[in-house]
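>>> With the input below, show me the fold.
(one chain, ligands or ions: 1)
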Amino acid sequence: MQILKEHAKPYWRDITFSILAVIVMAGASLWQPRLLQNIMNAIIADNQNQVMQYGIQLLVLAVIGLVAGVINTIFAAKVSQSIAADVRANEYKKIQSFSFGNIEKFSAGNLVVRMTNDVNQVQQLVMMFLQSLTRIPILFVGAFILALMTLPRLWWIVVLMVILIALSSQMVFKQMGKFFTRIQKLIDKTNTLAKENLQGVRVVKSFNQEQNETTRFTENSDELTHVNTTIGYLFSTMIPMFMLISYVAIGAAVLFVGRGIIQHPSDLAAITSFISYLMQIFFAIMIGGMMATFASRGFVSLARIKEVLDTEPDLTYDADAEELELSGDVSFKNVAFTYPGDQKPALENISFDVKSGEMIGIVGATGSGKTTLAQLIARLYDPSVGEVTVGGVNLKHVNEKSLRRAVSYVLQRAILFSGTIAGNLRQGNQGASETELQKAAEIAQAAEFINRYDDNFEHEVEERSANFSGGQKQRLSIARGVVGNPKILILDDSTSALDARSEKLVQEALDRDLKGTTTFVIAEKISSVLHADRILVLDNGQLVGVGSHQELLQSSPIYTEIYETQKAKGANA
Ligand SMILES: Nc1ncnc2c1ncn2[C@@H]1O[C@H](COP(=O)(O)OP(=O)(O)OP(=O)(O)O)[C@@H](O)[C@H]1O
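You can find the predicted model right below:
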């Protein structure tokens, strides 16, 4: 609720107009039966003048109600759309401040649902609130009082009908509330399944998993349909049930009034207006109940959005930290790191110093902690123990801009964004000139294929970069990494999709053109780091060897074993 209050503040004027319009609407609805009663009495009394007078009043009232309805809808739609847009923007802004760890905790798919489906629910909640929240109580209380005033001796019919409808609607709506929570969870799951399936479409197809994937998705989708249908059934039984109660009430009223109608002819007009009020009470309870149930769905969404907005980024930058030109020196001092929720540390007791301009290879078995180490240099996570410094500055106190300018991290999986090649490369350096783009592309061995396009760097990158091969994506990703001429470049297995010749050309170009840059090359194949100044050998999260290739062959059994195994397989040919 706090979120709604905060986001509603800028729109208080529109909200006031909308609520005023709704009050007028409710007033018009309540006054209509009264006027009809007056018209009928005038007809019975054969007073043509009064019939005309009330008839005109009825017409004016209808127009007022209509205009108020339109005004209410316009303002309610405007306010609900604006609040939803603000909530969505704030959520997006918050998510941008999240660390890797924060995002992993929610999962990307789940965050997308919280920014789309949940925001839509909140928008509907606001709309409903502005259209019905004031109207329903006014209508209920007004119709209740007016019904009693119209035919006071039938008070017991009104009270009995209210009790019966309220009790049965409470039963039905309580049941529905449970289903709405379940629907939300199923929508989350459906989205995750669809996203996983489409993103991993190549795996699905190559492993012939279409049938299994379809079954998994269908089961979930069927359950969603089942819950939605059950809600539909509940509605379809609820409405006739409520109608029955109100018709019995109307029947009773007609019966009791009908007996004395000859003695009291004015009761004929009163009974029509009494019936109208009974119907208004009935609709107020039913719509109020429905609103409360739908609102419960909106409140579930609000709570999910609140969870995102209330999450503190677990990695923040000191706003007062001075912007510096960081050097390429990197130090790890007794660093240990455990992923959130994990028991076992991914890295333990890591210490080393790297000087500007050095080329450092990082090798080790799968899961030994190579990527984790690289992520600590780029400050995607903070170490659990110890400290990491870049250019002599502890990363916990570094200026964010300085760090991003100094460190460029080319990820294991090349990810490009839809747009143009130039747009993607400039993510590494917004102000890069055409010449700088060309230079970066040449280092990454991407110039050759980019220059083959008529539109060169303006060539389009499709969604999920589907129009590029794995090797081309990696080259573009490397080009993006070097275009800013970083002080520190981390290549996390970034040449794995390149043939041996291209890989060698990239390494030679890096040696030649990024001379002062400290380069960390994470590689599965030792052949990729043979020429490194030093190689760090990781094993099960521990640093078990540091030295040149030749030194490690003398000093590190683990390194020698990996090297020999790869040599035997011809991997380093
Ligand atoms: N996001 C994560 N959450 C929890 N545990 C993780 C996460 N990422 C990695 N790990 C765990 O941390 C350990 C080190 O993983 P890391 O990715 O650093 O290894 P790696 O040497 O780079 O492996 P590879 O060569 O396969 O890329 C592994 O045991 C892995 O399961």
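
>>> can you list the domains in the protein?
In terms of domains, the chain is parsed into 2-310, 330-569 (source: automatic domain parsing).

>>> Tell me which residues touch the residue nearest to Arg480 when sequence neighbours are not counted, please.
If the residues on either side of it in the chain are set aside, Arg480 comes closest to Gly428, at 4.3 Å by Cβ to Cβ, 6 or more residues apart in numbering. (Each C-beta comes from the backbone N, C-alpha and C, glycine too.) Residues near Gly428 by Cβ atoms under 8 Å, 6 or more residues apart in numbering: Ser408, Ala440, Ala479, Arg480, Gly481, Val482, Val483, Gly484.

>>> again, only this time at 7 Å
Applying Cβ atoms under 7 Å, 6 or more residues apart in numbering, we find Gly428 in contact with Ser408, Arg480, Gly481, Val483, Gly484.

>>> Among those, show me the least confident.
Minimum pLDDT for these is recorded at Gly484 (85).

>>> Let's verify that residue: helix, strand, or coil?
coil (DSSP: H, G, I helix; E, B strand; the rest coil).

>>> Make sure it is actually in contact with Gln427.
No - using Cβ atoms under 7 Å, Gly484 makes no contact with Gln427, being 9.2 Å away.

>>> Looking at those two, which is more packed in?
Applying other Cβ atoms under 10 Å to Gly484 and Gln427 shows that Gly484 carries more neighbours, namely 23 against 15.

>>> and the gap between that one and the ligand?
Note on Gly484: its distance to the ligand, by Cβ to the nearest ligand atom, to the nearest Å, is 24 Å.

>>> gap between that residue and Ile23?
As for Gly484, its distance to Ile23 is 60 Å (criterion: Cβ to Cβ, to the nearest Å).

>>> And Asn349, by the same measure?
Distance of Asn349 to Ile23, given as Cβ to Cβ: 70 Å.

>>> can you check Lys78 too?
Per Cβ to Cβ, Lys78 is found 18 Å from Ile23.

>>> And the next helix or strand past the helix or strand of the chain with the lowest mean pLDDT?
Counting by mean pLDDT, DSSP states H and E, the chain has its least confident helix or strand at helix 201-206, which shows a mean of 68. Scanning forward in sequence from helix 201-206 by DSSP states H and E, the next helix or strand is helix 210-258.

>>> For the next helix or strand after that following helix, name the packing helices and strands.
Next helix or strand after helix 210-258 toward the C-terminus (DSSP H and E): helix 266-310. With contacts taken as 3 or more Cβ pairs under 7 Å, 6 or more residues apart in numbering; DSSP states H and E, helix 266-310 sits against helix 2-8, helix 12-44, helix 48-96, helix 108-115, helix 117-128, helix 135-150, helix 155-199, helix 210-258.

>>> CA atoms only: put the first one into PDB for me.
What follows is the C-alpha trace of helix 2-8 in PDB, where atoms were taken according to Å, rounded to 0.1, in the frame of the first residue of the first chain:
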ATOM      1  CA  GLN A   2       2.900   2.300   0.800                       C
ATOM      2  CA  ILE A   3       4.100   1.900  -2.800                       C
ATOM      3  CA  LEU A   4       0.700   3.000  -4.100                       C
ATOM      4  CA  LYS A   5       0.600   6.000  -1.700                       C
ATOM      5  CA  GLU A   6       4.100   7.200  -2.800                       C
ATOM      6  CA  HIS A   7       3.400   6.700  -6.500                       C
ATOM      7  CA  ALA A   8      -0.100   8.300  -6.300                       C
END
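
>>> Name the residues that touch it?
Residues outside helix 2-8 that contact it (Cβ under 7 Å, 6+ apart): Ile15, Ile83, Asp86, Val87, Leu302, Ile305, Lys306, Leu309.
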